[in-house]
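>>> sequence and predicted structure are below.
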Amino acid sequence: MAYSHVLVAVAPTPESHRLMSKAVSIARPFNARISLITLSTDPEMYNQFAAPMLENLRELMQEETRQFLNELIAGADYPVSQTTIACGELSEHIRAFCRKQQVDLVICGNHNQNFFSRATCAAKNIVGNNSGVDVLLVSLENG
């Protein structure tokens, strides 16, 4: 099947390079666009007593996330049309992005760690939403 726009849900982990590689192998033959979406952790989750320092911490976490995305893109050897750093419920952001950007394939990693278990839940919500978007769950267990 030919896809025209692939959205990849990534996290700042080595496994995201495997997801990106899978996306490129699917997109390249059809010259499809690739976009990336990731979550940025809200520092307020960690310490509600450090209010004066939260803004600096939030900026630092956003910068680290942007740096990770830039490194992921640089290693992909394929253009990435858009990146999104979201906060909150991943499935809601994925659904909204798919609707607005005419995404026809979402790629998520599948194992039992925090981000990717949320991505799997997001995938179930995308599929169960009758959105017309295909979802590919890539196994990230054992290398």
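Perfect, thanks for sending it. The model shown is predicted, which means the values in this text are computed figures rather than measured ones. Residues are numbered from 1 along each chain as shown.
>>> hey, where'd the strands end up in the chain?
Ranges of strands within the chain are 5-9, 33-39, 82-86, 105-110, 134-139, based on DSSP state E.
>>> now the ones you listed in a markdown table, with mean neighbour count, mean pLDDT and distance to K22?
C-beta: built from backbone N, CA, C; applies to glycine. What follows is those, written out as a markdown table (neighbours: other Cβ atoms under 10 Å; pLDDT from 0 to 100; distance: least, Cβ to Cβ, whole Å):
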| stretch | mean neighbour count | mean pLDDT | distance to K22 |
| --- | --- | --- | --- |
| strand 5-9 | 26 | 96 | 8 |
| strand 33-39 | 22 | 95 | 11 |
| strand 82-86 | 16 | 94 | 17 |
| strand 105-110 | 24 | 87 | 6 |
| strand 134-139 | 16 | 87 | 5 |
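>>> let's have those in JSON lines, adding distance to N70.
Below are the strands of the chain laid out as JSON lines (distance: least, Cβ to Cβ, whole Å):
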{"stretch": "strand 5-9", "distance to N70": "15"}
{"stretch": "strand 33-39", "distance to N70": "10"}
{"stretch": "strand 82-86", "distance to N70": "9"}
{"stretch": "strand 105-110", "distance to N70": "19"}
{"stretch": "strand 134-139", "distance to N70": "22"}
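>>> between the ones you listed, which gets nearest to R66?
Closest of those to R66 is strand 82-86, at 7.0 Å (criterion: Cβ to Cβ).
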